[in-house]
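> Fold the following, please.
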Amino acid sequence: MAMSLAKKLSVLTVGSVALAIGQPAISSQEEAEASAHAHNHDHGHAHDHDHTHDQDIYAGYFEDGQVEDRALSDWQGDWQSVYPYLQDGTLDEVFAHKAEQGKKTAEEYKAYYEEGYRTDVERIVIDGQNVTFYENGETLSGDYAYDGYEILTYEAGNRGVRYIFELAQGPEALPQFIQFSDHSISPTDADHYHLYWGDDRAALLKEVTNWPTYYPSELSGEEVAQEMMAH
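Below is the predicted model of the structure:
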């Protein structure tokens, strides 16, 4: 479990395309992939200002001064990986929906997200400062402390924020760092998130192709699919 949990993303980042903070980089992460459509859609219609503002942030268009610190409480709860739903075909309708609006076929989107969602950590529970990882019938649990955020710039011109937490107490098999990305840049309760983990803080910032994604465990696969298509 130690290699697949604590070391997995550190290994993956070795061959990743470098993502320098504040500089152009590969636009491979989910929030970067759909940014142009979301941004152009909002500015092509007479939407209400607040709605447009929120959609711009979700799509990755914001100023540095808008970014605020966040507490681990923003991600409290019991979360399930969406990867099993990709594997069993539940998310096929999501990829078909994306194909209607995007530049890839449904099959190409599925391949893209297969790499993005791939993980052996099927469940994560966050309670206070404690984070518990569930993998293949085993659990690892530890306390994490806030270690700031980093703003990343993608090749498409949009940006994302990684909120970083460092292991404060727990077994050595746990990742030293976990990094959240959920399209938000200020305190708010997350409705889903992408999570990166490993022992090298800087190396994790370069990972833009594999982003295990989690939705509330109470949702069925069909409900997860509907949530995805709503965005």
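> sec struct for the residue nearest to the spatial centre of the chain, please.
For the chain, the residue sitting closest to the mean C-alpha position, by CA atoms, centre = their mean, is His194 at 1.7 Å. Three-state call for His194 (DSSP: H, G, I helix; E, B strand; the rest coil): strand.
> got the residue ranges for the helices in this structure?
For the chain, the helices defined by DSSP state H cover 2, 8-13, 30-33, 35-43, 49-59, 83-87, 92-101, 106-117, 201-204, 221-230.
> Surely the residue nearest to the centre of the chain is in contact with Trp211?
Yes. Taking CB atoms under 8 Å as the contact criterion, His194 and Trp211 are neighbours in contact, 3.9 Å apart. In this view, the C-beta of every residue, glycine as well, is placed from N, C-alpha and C.
> distance between the strand of greatest length in the chain and the chain's centre?
Under DSSP state E, the strand in the chain containing the largest number of residues is strand 138-153. Put simply, strand 138-153 sits 13 Å off its chain's centre (CA atoms, centre = their mean, to the nearest Å).
> mind starting the numbering at 30 from now?
OK, 30 is where the count begins now, so the last one is strand 167-182.
> what mean pLDDT does it have?
Mean pLDDT, computed over strand 167-182, is 97.
> What is that strand packed up against?
Counting contacts by 3 or more CB pairs under 8 Å, 6 or more residues apart in numbering; DSSP states H and E, strand 167-182 packs against strand 159-164, strand 188-198.
> Now do it: everything it contacts.
30, 34, 48, 50-54, 93, 96, 98-101, 158-162, 188-200, 202-203, 206-207, 230, 234 (CB atoms under 8 Å, 6 or more residues apart in numbering).
> repeat for stretch 145-165
Outside stretch 145-165, the residues that touch it by CB under 8 Å, 6+ apart are 30, 33-34, 37, 57-59, 101-102, 104-113, 115, 168-174, 194, 197, 203, 207, 224, 238-243, 246.
> Can you say which of these are buried?
Among the contacts of stretch 145-165, those scoring as buried are 34, 37, 57-59, 101, 104, 106, 108-112, 115, 169, 171, 173, 194, 203, 207, 224, 238-243 (criterion: 16 or more other CB atoms under 10 Å).
> want to throw the helices and strands packed on strand 167-182 into a markdown table with distance to Glu122 and mean pLDDT?
Listed next are the helices and strands packed on strand 167-182 as a markdown table, based on distance: least, CB to CB, whole Å; pLDDT from 0 to 100:
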| stretch | distance to Glu122 | mean pLDDT |
| --- | --- | --- |
| strand 159-164 | 27 | 98 |
| strand 188-198 | 26 | 97 |
